[in-house]
Structure formats: C-alpha cells, structure tokens
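Peer 1: Take this sequence and fold it.
(one chain, ligands or ions: 1)
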Amino acid sequence: MERNDFPKDFIFGVATASYQIEGAYNEDGKVPSIWDVFSHTPGKIKNNENGDVACDHYHRYEEDIKIMKDIGVDAYRFSISWPRVMKNTKEKNEKGIDFYNKLIDKLLENNIIPFITIYHWDLPLFLYEKGGWLNDDIALYFQDYSSILFQNFGDRVKHWITLNEPWCSSFLGYFYGIHAPGHKNLQEAIKAAHNLLRAHGYSVEAFRDLVKDGKIGITNVTTKVEPADETEEDFYVVLLVDELTNGWFYDPIIFGRYPENARAILQRNGIDIFENDMDIISKKIDFFGINYYTRQLVKYAPEEPFMFKTIEGELEKTEMGWEIYPEGLYDMLLKIYNRYKTPLYITENGMAGPDKIENGKVHDTYRINYLKSHFENALKAIKDGVDLKGYFIWTLMDNFEWAEGYSKRFGIVYTDYTTQKRYLKDSAIWLKKFLEGEINL
Ligand SMILES: CO[C@H](O)c1c[n+]2c([nH]1)[C@H](O)[C@@H](O)[C@H](O)[C@H]2CO
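Peer 2: Below you'll find the predicted structure:
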C-alpha cells in the first residue's frame, strides 16, 4: 500500500487541540477556561500537571508549522480556544483573533489546509458560571462565538468542525467526572449532551449564512463495541452501549431523534430525555469526523447502572491500556457510512507509546506499525465504498493528555517539556517518506 493507492484528493493531516498545546493560559487577554480551573485543582490531573505552558505553541506556532511542512502533511486540524477569543458572551479579544489569523496565514503560506475545531473542551469559565452546558442559553452563546470565527476566518478556512466529541464533554465531564467540570450526575450529562447537540445545530445554521463555500461537520468518539462473550446478554449490551456512546451523538444529527433502546433504558431509570430543537440539531452537515482508537469489550452485568461492565481484552495495548485493533476502524467506517450516508474524515487516530529519546532519536516502530495497520484498514474501507476524504493522525507533537497530564505521549514529534525542543520520531520520518511516495507498505 502506498500513498497513491488513496484517492488523489485524499488528505493526510495531523491534529491538535488548543488547551493541549498552546500554553499562554493567561496571556494577551485570554480569560480562564474550565480546564484551567480543573487542572489547577489538586488531585484531578496526574502529577498535578496543567496546561499553563503545555507545548508553548502560542509562541512557537511558526516552528511547529515548519515541522508540519517538513513532514509534508496536507492539512492541520486545530481547535480555537473560546476563552482566548471571547472576553465575555459578546466582546471578542482582538489579540486572540490576531493569534489565529497569524496561525492561519502561516499555514496557507505553507500550503497546509486549515481545519478548525470550534470547541475542543476548553469552555470559558464565565459561561460555566452561568451554568455551562446545563444552561439552555449556551447554544446561542455558541452560535455567537461561532459566527465571530466564521466572520474573521471563514474567508480563508473552508473546513470546520463544530464540536470535538460531545460524548466526552457530557459523559466524562458531567457523569464520570474525570474531565472538567468534574460533575457526577447522569441527568446533567444527558442535559449537557442535548445542549451540545443544540449548539452544534445553531452553529451549522450560522455557517450556512456566513461561509457559503465551506464544509462543516462534527467529530464524534467512534469506538467499536464488541461482546466479551458470545452470549445473548452480551450481544444485547453491545447494542445498548453502542447506542449510548456512538448513536447518541450520530442519530439526532441525521435522524432527528435519539436511539430508542438507550433512550428507553434511560427513561426507565428516571432520566428525562429532551426533544426540543431536533430540527436545529439535524441541520444538514457536510461530513462526520470519526475519532477511532480502539474497541470496547462489554459484558452483561445487571448490577451495574446500565447493565454492563467493560472487560479488559487480550490484544496488545498502548500506554493508555487501549487494545490495538485496526480492524475496528474498518468496521466502524463501514457501519457509520452505511447507516448515515454522510462523507467521513478520520479526524483522530493514533497511539500513546513508551517513547524514550536517545541522542535526539525516538525509535517508535510500534507507532509506525500502528499507523500502517490503520492506514491499510482505512484504504480497505474506501475500496469497499466508504466516502472517506481524509485522515488526521493524533497527534502532531506530545502534549497535555487531559487527566493523564504529560505522562502519555501520542505525538509523531517528541516534545521535551523542559527545553520545549521538538524532535521528529521515527514515525514522523516514516510519514514523511510515505507522503512523498517513497514507501510502499
Ligand atoms: C477513545 O478515545 C477518544 O476517542 C479520544 C482520544 N483522544 C481524544 N478522544 C481527544 O479528542 C484528544 O484531545 C485526546 O488527546 C485523544 C487521545 O486520548
């Protein structure tokens, strides 16, 4: 398999997110986010680390773009920091706008296509203090914020993603409590999920007026859910978990309704399900972004809140403890495309590895093998009819891995956090050769 086996307009890129790489957490008018608060709260982040400095990308973006250019990526997916661009619900921070204008112009100067994620979890604290994703007004605040981005950047940026993984923002942030704002309330999670979907819809509505020649979509967690054992009960919980994680955020956008089995279970547990604005939520999109990493093995467990528990699988695992399961990418690409008939991008795929640097080198052969096997499954899906338009590797450089702090390295570029020096890992050199057509896998 080689680069030319992919469609000629297929794009390969790398992805990052504002809070994970930018640093400058209180510079040039940026106001606090819920992640600034959460990461400064003792015990929330491994080793009590935070994103105050991260990869210092705010000051080093030109160097980072040069690295992307050197590797030869076609596109770069990055997120906008809402609290860097907005001082409050109405006023924009000009210095924040300036930063992203410079970033976008430098990308275009280097023939790298910018893909903007409007929201990748760093909610401004001033909105959290108004109720955050639990306050129905947030959908219109998000529309106002989105409109400011469309008006300032839409002349040059034609590919937009409204939200990154609303499942994480709602379930990890409001039910499991391991992400900001750290709540543990299922009803809140369902409310937040609905307001995230509403915010997505209102953003799409504004986009159609303000960036008429652009494409917009949403990125969802997309995990292959499989039964731990071949029992009827385990197959039943597969259906339920697939609806609760994947379907809950795909179905409303295409069908204008929540998946019925998960909905029934939630209602049977006394959870209110929301229906308002389904016409807004299901505004036509141009693509889905798929974040695929691994599978989830589930077992029927009647004693658990959703009657299932997750079982540890036997396959080789990454540093995150996630099984390496490239076939699952093929399965999910087919499943999502055939169910929703909407063009797809892989907006994240990659692995955390035991990366050690020696004399400026990182021999991450395991990451090359991971990417190679996932590229092969993406190509197989294309050959089997999936309209897959691109593939973004997570991630450009090692960065702040949320609750894991800096302990997990996903980058194809190694970040030395003490010197802020960047080092191309073997996987970056491999990718460069693949993109140049030098490698036939
Ligand atoms: C099951 O993994 C999720 O889909 C997922 C994995 N990841 C993500 N979502 C987030 O979008 C990134 O910000 C993370 O850095 C990245 C690596 O953890």
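
Peer 1: Residue numbers of the stretch 201-350 of the chain in contact with the ligand?
Peer 2: When proximity is defined by CB under 6 Å from any ligand atom, the stretch 201-350 of the chain lies next to the ligand at Val221, Thr223, Asn291, Tyr293, Glu348. Placement of C-beta: from N, CA and C, glycine included.

Peer 1: Confirm that Lys389 sits in a strand.
Peer 2: Yes: looking at Lys389 with DSSP: H, G, I helix; E, B strand; the rest coil, it is inside a strand.

Peer 1: Relative to Gly321, how far out is it?
Peer 2: Using CB to CB, to the nearest Å, one gets 31 Å for the distance from Lys389 to Gly321.

Peer 1: Those two: who's more crowded?
Peer 2: Neighbours per residue, other CB atoms under 10 Å: of Lys389 and Gly321, the larger number sits with Lys389, 18 against 10.

Peer 1: what's the more buried one in contact with, if anything?
Peer 2: With contacts defined as CB atoms under 8 Å, 6 or more residues apart in numbering, Lys389 is in contact with Asp9, Phe10, Ile11, Phe287, Pro343, Leu344, Tyr345.

Peer 1: Those residues into JSON lines, with extra columns for secondary structure, pLDDT and neighbour count?
Peer 2: JSON lines is the format used below for those (DSSP: H, G, I helix; E, B strand; the rest coil; pLDDT from 0 to 100; neighbours: other CB atoms under 10 Å):
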{"residue": "Asp9", "secondary structure": "coil", "pLDDT": "97", "neighbour count": "8"}
{"residue": "Phe10", "secondary structure": "coil", "pLDDT": "98", "neighbour count": "18"}
{"residue": "Ile11", "secondary structure": "strand", "pLDDT": "98", "neighbour count": "17"}
{"residue": "Phe287", "secondary structure": "strand", "pLDDT": "99", "neighbour count": "21"}
{"residue": "Pro343", "secondary structure": "coil", "pLDDT": "98", "neighbour count": "17"}
{"residue": "Leu344", "secondary structure": "strand", "pLDDT": "99", "neighbour count": "25"}
{"residue": "Tyr345", "secondary structure": "strand", "pLDDT": "99", "neighbour count": "25"}
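
Peer 1: What is the nearest of the residues you listed to the ligand?
Peer 2: When the contacts of Lys389 are compared for distance to the ligand (CB to the nearest ligand atom), Tyr345 comes out closest, at 13.5 Å.

Peer 1: mind listing what Thr223 touches?
Peer 2: With CB under 8 Å, 6+ apart as the criterion, the residues that contact Thr223 are Thr245, Asn246, Tyr292, Tyr293, Thr294, Arg295, Gln296, Gly328, Met332.

Peer 1: Can you check the pLDDT for the second one?
Peer 2: At Asn246 the predicted local distance difference test score is 95.

Peer 1: rewinding a little: who wins for most neighbours among the contacts of Thr223?
Peer 2: Most crowded among these, counting by other CB under 10 Å, is Tyr292 at 27 neighbours.

Peer 1: before we move on, back to that, pick the one among the contacts of Lys389 closest to Ile311.
Peer 2: Out of these, the one with the shortest distance to Ile311 is Leu344. That distance is 28.4 Å, counting by CB to CB.

Peer 1: Now for the closest one: which residues touch it?
Peer 2: Neighbour list for Leu344: Phe287, Phe288, Gly289, Ile290, Leu333, Ile336, Tyr337, Val386, Asp387, Leu388, Lys389 [criterion: CB under 8 Å, 6+ apart].

Peer 1: and stretch 74-88, which residues are buried?
Peer 2: When neighbours are counted by 16 or more other CB atoms under 10 Å, the buried residues of stretch 74-88 are found to be 74-87.

Peer 1: Restricted to strands, list those residues.
Peer 2: When DSSP state E is applied, the buried residues of stretch 74-88 are split such that Ala75, Tyr76, Arg77, Phe78, Ser79 fall in strands.

Peer 1: I'd like these as a markdown table, with distance to Pro252 appended.
Peer 2: Compiled in a markdown table, these are given as follows (distance: CB to CB, whole Å):
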| residue | distance to Pro252 |
| --- | --- |
| Ala75 | 28 |
| Tyr76 | 29 |
| Arg77 | 23 |
| Phe78 | 26 |
| Ser79 | 22 |
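
Peer 1: can you redo these as TSV with distance to Ala17 and pLDDT?
Peer 2: Formatted as TSV, those follow (distance: CB to CB, whole Å; pLDDT from 0 to 100):
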residue	distance to Ala17	pLDDT
Ala75	15	99
Tyr76	12	99
Arg77	9	99
Phe78	7	99
Ser79	5	99
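
Peer 1: Show the buried residues in the contacts of Leu344.
Peer 2: Judged by neighbour count, with 16+ other CB under 10 Å as the criterion, the buried members of these are Phe287, Phe288, Gly289, Ile290, Leu333, Ile336, Tyr337, Val386, Leu388, Lys389.

Peer 1: Hmm, Ile254 is touching Thr342, no?
Peer 2: Yes: with contact defined as CB atoms under 8 Å, Ile254 and Thr342 form a contacting pair (6.8 Å).
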